[in-house]
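Visitor: Quick one, fold the following:
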Amino acid sequence: MTSVLMIHLGATVLMAGLILFVQIVHYPLMARVGEKNFERYEAGHTFRTGLLVVPLMIAESISALWLVAVPAAEGDRLLALTGLAFLGVIWLSTALLQAPAHRRLIRGFDAAVHAKLVRTNWIRTLSWLARVPIAFALFL
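Guide: Numbers count the residues shown, from 1 in each chain. This next block holds a predicted model:
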């Protein structure tokens, strides 16, 4: 059980740090890439970000489900369910808001789509930040 808790905590903390960087630094700077190079930039961004994010999100999700199914301690199920609910918000936001924005941006820069991406990504940012104390509480 300790390894599941460590994987869960590690993946959650890494994703929270990564999404905070993306929200504060990376996404806002996308507007400065320029239209000439934006399609190549967005394609590279999507591919390279996926190399980091996909394994972490999968590890986080599997471990979160495990912690709901097999709580480490008495009373941890509710806390694990709360964390899983935030994870559900993250996955839904990704599927319904951020992924479609990236699919549109890969065809070229669009200021309105970019602004929506930056604005709606706060959903994921705040949800991941909310998961960090939950993951620590489950670990301790």
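Visitor: So which bits of the helix or strand L52 falls within are buried?
Guide: For L52, the host element (DSSP states H and E) is helix 35-69. Across helix 35-69, burial judged by 16 or more other Cβ atoms under 10 Å covers 38, 41-42, 45, 53, 56-57, 59-61, 63-64, 66-68. In this view, the C-beta of every residue, glycine as well, is placed from N, C-alpha and C.
Visitor: ok, so of these, who is nearest G108?
Guide: When the buried residues of helix 35-69 are compared for distance to G108 (Cβ to Cβ), F38 wins out at 6.0 Å.
Visitor: Now for the residue nearest to that closest one when sequence neighbours are not counted: which residues touch it?
Guide: Of all residues not flanking F38 in the chain, F109 sits nearest, at 4.2 Å (Cβ to Cβ, 6 or more residues apart in numbering). Going by Cβ atoms under 8 Å, 6 or more residues apart in numbering, F109 touches M30, A31, V33, G34, E35, F38, E42.
Visitor: For this structure, give me the ranges with low pLDDT.
Guide: Applying pLDDT under 70 to the chain flags the ranges 1.
Visitor: V89: neighbouring residues, count only.
Guide: The tally of other residues near V89 (other Cβ atoms under 10 Å) stands at 17.
Visitor: And S93, by the same measure?
Guide: 18.
Visitor: same question, I7
Guide: I7: 16 neighbours (other Cβ under 10 Å).
Visitor: what sits against it?
Guide: A59, S63.
Visitor: could you check the angle helix 35-69 makes with the host helix or strand of it?
Guide: For I7, the element it lies in under DSSP H and E is helix 2-21. In terms of direction (axes from the mean of the first three to the mean of the last three Cα atoms, to 10 degrees), helix 2-21 departs from helix 35-69 by 150 degrees.
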